[in-house]
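>>> for reference, the sequence and a predicted model appear below.
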Amino acid sequence: MSGLDAASVNITGMLREWGSGSREALDEVLPFIYAELRRQAARCLRREYRNNSLGATALVHETYLKLLRTADVDLENRSHFFAIAATAMRRILVDHARYHDREKRGGRAEDLPLEDGLVAADGPADVDLIALDEALHRLARIDPQQETLVELRYFCGLSLEESAAALGVSRATAAREWSVAKTWLYREMTRGGA
């Protein structure tokens, strides 16, 4: 594949092959989507941590490891792939926050899976990711699309337009759902989610 650029490669086709179970297709397409994954990881990390030693590259690599374990995904398009990547990034960041929370209380780090132990950061989170994750799980029971929208916007840093495309809805619908989801999450997180 050397010498080819993204314009001459069927990225969506390779992503669909990966979604059908071809690990090799993900390996082939990664060089063409890596820059976008890295931009999304960087946006996500800027929002998550101050003085964070976890870099975008490490988050992308952890995301890649999670994607390798994902099988049989019916991918519709590139945006759908980036939505799946957003979910993986969310899980990595939440697991990382749980790891550091457990460490602060004197827990054992050995209980974590290897891929979670590879991620290292020591900056405090601006948002309590564990509380946010729990609130998102509650939101998913009420409106799964809003949960996905929050993952796309907050964890992956997608714009409203990109999120709308990933969800297959209009920008106006995405904007309305985003407003409702933010309000709901704020209420849940400020009252303790009880």
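Alright, I've got the coordinates.
>>> buried set for whichever strand or helix holds residue 46?
Following DSSP states H and E, one finds residue 46 within helix 23-48. Using 16 or more other CB atoms under 10 Å as the test for burial, helix 23-48 gives 25-26, 28-29, 32-33, 36-38, 40-45, 48. For glycine as for every other residue, the C-beta is placed from the backbone atoms N, C-alpha and C.
>>> out of these, which comes closest to residue 146?
Using CB to CB, residue 44 comes nearest to residue 146 of these, at 18.5 Å.
>>> ok, that closest one touching residue 92?
No - the pair residue 44 / residue 92 is not scored as a contact, 9.7 Å apart, by CB atoms under 8 Å.
>>> who touches both of those two?
Taking CB atoms under 8 Å, 6 or more residues apart in numbering as the contact rule, residue 44 and residue 92 both touch residue 59.
>>> coming back round to it: specify which member of the buried residues of helix 23-48 is nearest to residue 97.
residue 48 (8.8 Å).
>>> what's the closest of the buried residues of helix 23-48 to residue 147?
Nearest member of the buried residues of helix 23-48 to residue 147, counting by CB to CB, is residue 44, at 16.2 Å.
>>> quick one: that closest one and residue 22, what's the gap?
Residue 44 is 27 Å from residue 22, where distance means CB to CB, to the nearest Å.
>>> how much space separates residue 144 from residue 136?
For residue 144, the distance to residue 136 - CB to CB - is 10 Å.
>>> neighbour count: the two, which is higher?
Between residue 144 and residue 136, counted using other CB atoms under 10 Å, residue 136 has the larger neighbour count: 22 against 10.
>>> which element is the more buried one on?
Judged by DSSP H and E, residue 136 forms part of helix 129-142.
>>> cool, and residue 175?
Here residue 175 is assigned to helix 171-190, by DSSP H and E.
>>> counting contacts, what elements does that helix pack onto?
helix 129-142, helix 144-150, helix 160-167 (3 or more CB pairs under 8 Å, 6 or more residues apart in numbering; DSSP states H and E).
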